[in-house]
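Novice: Sharing a model prediction with you, sequence too.
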Amino acid sequence: MPELVPGGETVPLDWASEPDEPLMLRVQSGDTRALELLIQRWSPRLAGLFYRLTGDPHAGDDLLQETFLRVWSARESFRRDARFSPWVHSIARNLAADRAKNRNRKPLHRALNAVGAPGSTTTLLGKIPDHATTPFAAASRLELLAKLDEALRSVPEPYREAVVLCDLQRLSYDDAAQVIGVPAKTVSSRLARGREHLRNALAAFRSGPLP
């Protein structure tokens, strides 16, 4: 993939509001400015996907880089009538599955210890607001996020994957089915079971309504 040099050729301002698909078609023609914009647009969302599927807070950077290397190398396979979201999610999901399969089994890092800089997406709810009023409030919020992450990790993999793709990544049943490679009805069934597992796991330590 051609190196994306910060401060290099400027991305046209009108591209910022351009949908993903036209940008990907520009990438097909070899335009790395369009690829850079897709990287900026999709990195936070895919970082959350990687953490939720692998449970590894350190996986994101490597997997993001590999995802967009594959986007570039596989650009000719992107159909002109395709949508970018399920296509890039398929690439990312396969990489996450390989990472989870090949790495040594390690205890899940609690989100309390894995939260990065403000704005990072390493937990179930995404990030801790910068306007948290007190250290106690911030710590309580972090502890809740840690429990939510633990609950999600306790959901069996096929059902967790459906919850992550549909409820957290906001993919439709049809798009999630395309990513996983199963019928949409199967996604719906797995999602229902995943939600039930998640509710049961949260009930084990939930002492009141979620904020």
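Specialist: Looks like it arrived, so ask away.
Novice: all strands of the chain, in order?
Specialist: When secondary structure is read from DSSP state E, the chain shows no strands.
Novice: how does it divide up, domain by domain?
Specialist: 14-107, 123-211 (automatic domain parsing).
Novice: ok, the spatially closest residue to Pro19 that is not a sequence neighbour to Arg75 distance?
Specialist: Using CB to CB, 6 or more residues apart in numbering and skipping the chain neighbours, the partner closest in space to Pro19 is Phe84 (8.0 Å). To be clear about C-beta, it is placed using only N, CA and C from the backbone, and glycine gets the same treatment. Separation of Phe84 from Arg75 (CB to CB, to the nearest Å): 11 Å.
Novice: higher neighbour count, these two?
Specialist: Between Phe84 and Arg75, counting by other CB atoms under 10 Å, Phe84 is the more crowded of the two (20 against 17).
Novice: ok, that one - contacts?
Specialist: Applying CB atoms under 8 Å, 6 or more residues apart in numbering to Phe84 gives the contacts Pro19, Asp20, Glu21, Leu23, Met24, Leu38, Phe78.
Novice: Just give the closest residue to Leu165, not the sequence neighbours.
Specialist: Ala176 (4.3 Å).
Novice: any idea which residue sits dead centre in this protein?
Specialist: Leu49 (2.0 Å; CA atoms, centre = their mean).
Novice: I'd say that one and His89 touch.
Specialist: Yes. With contacts counted by CB atoms under 8 Å, Leu49 reaches His89, the gap being 7.4 Å.
Novice: what is in contact with those two at once?
Specialist: Residues touching both Leu49 and His89 (CB under 8 Å, 6+ apart) are Gln169.
Novice: What is the lengthiest helix in the chain packed up against?
Specialist: Using DSSP state H, we find that the single longest helix of the chain is helix 32-54. Judged by 3 or more CB pairs under 8 Å, 6 or more residues apart in numbering; DSSP states H and E, helix 32-54 is in contact with helix 20-28, helix 60-73, helix 84-102, helix 157-163.
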